[in-house]
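Engineer: Provided below are the primary sequence and the corresponding predicted coordinates.
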Amino acid sequence: MSRSRAATLRDIDEAALGLPEVTREPETGGRPVFKVRGKTFAFARDPRKDAFDPETGEPYDDVLAFSCTAEDKESMVSNPDSPWFTTPHWNGYNAVLLLERDLGRLTVDELREVVTDAWLAKAPKRLAQQLLGGS
């Protein structure tokens with residue numbers, strides 16, 4: 001299986017559930033929330049009025065959120081060609097947003113990196129060090 005193919009929703013599940021101590025709510029189906037030791041690091045967001053289609057004014061119903069560092073957020077959302085975005089509601093939060101419909105703009109490898117970085121942003125330091133091979 002080529003990991004350079006376009007990413008899908010299933011790839012989020014596989015990437016997240018492949019990391020240590022991750023839980024998914026609900027366990028199958030539905031709009032997932034991924035947690036490490038009770039801390040959310042990635043989730044499918046319910047529609048909100050702050051993230052909307054500029055053409056129709058309708059709230060997006062396919063927003064995904066991923067934790068990140070402030071530096072990564074700035075880098076990810078500053079490129080106008082990037083699928084990543086933020087809204088004023090997310091000012092001050094270290095997280096980026098992505099529309100499910102834009103998942104195909106990422107490769108599996110790119111998505112796996114974002115999911116792993118999101119996990120690292122919320123995982124306890126010792127658990128993160130174990131994943132990274134540190135002591």
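Structural biologist: Nice, thanks for sending it over. Residues are numbered from 1 along each chain as shown.
Engineer: okay, buried residues for the helix or strand of the chain with the lowest mean pLDDT please.
Structural biologist: Using mean pLDDT, DSSP states H and E, the weakest-scoring helix or strand in the chain turns out to be helix 125-132, at a mean of 93. By neighbour count on 16 or more other Cβ atoms under 10 Å, the buried set for helix 125-132 is 127-128. All C-beta atoms are positioned from the backbone trio N, CA, C, and that covers glycine.
Engineer: run the chain-centre distance for it.
Structural biologist: Relative to its parent chain, helix 125-132 has a centroid offset of 19 Å by Cα atoms, centre = their mean, to the nearest Å.
Engineer: then stretch 39-47?
Structural biologist: Taking Cα atoms, centre = their mean, one finds stretch 39-47 lying 8 Å from the centre of the chain it belongs to.
Engineer: need the CA coordinates for the least confident helix or strand of the chain. CSV is fine.
Structural biologist: Provided in CSV are the C-alpha atoms of helix 125-132 (Å, rounded to 0.1, in the frame of the first residue of the first chain):
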residue,chain,number,x,y,z
LYS,A,125,5.7,13.9,28.4
ARG,A,126,6.9,10.5,29.4
LEU,A,127,4.6,8.8,27.0
ALA,A,128,5.7,11.1,24.2
GLN,A,129,9.3,10.4,25.0
GLN,A,130,8.6,6.7,24.7
LEU,A,131,7.1,7.1,21.3
LEU,A,132,10.0,9.2,20.2
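Engineer: which residues does the helix of greatest length in the chain contact?
Structural biologist: As assigned by DSSP state H, the longest helix anywhere in the chain is helix 108-122. With contacts defined as Cβ atoms under 8 Å, 6 or more residues apart in numbering, helix 108-122 is touched by 2-7, 11-12, 15-16, 19, 22, 34-36, 39-42, 66-69, 72, 94, 96, 103, 106, 128, 131-132.
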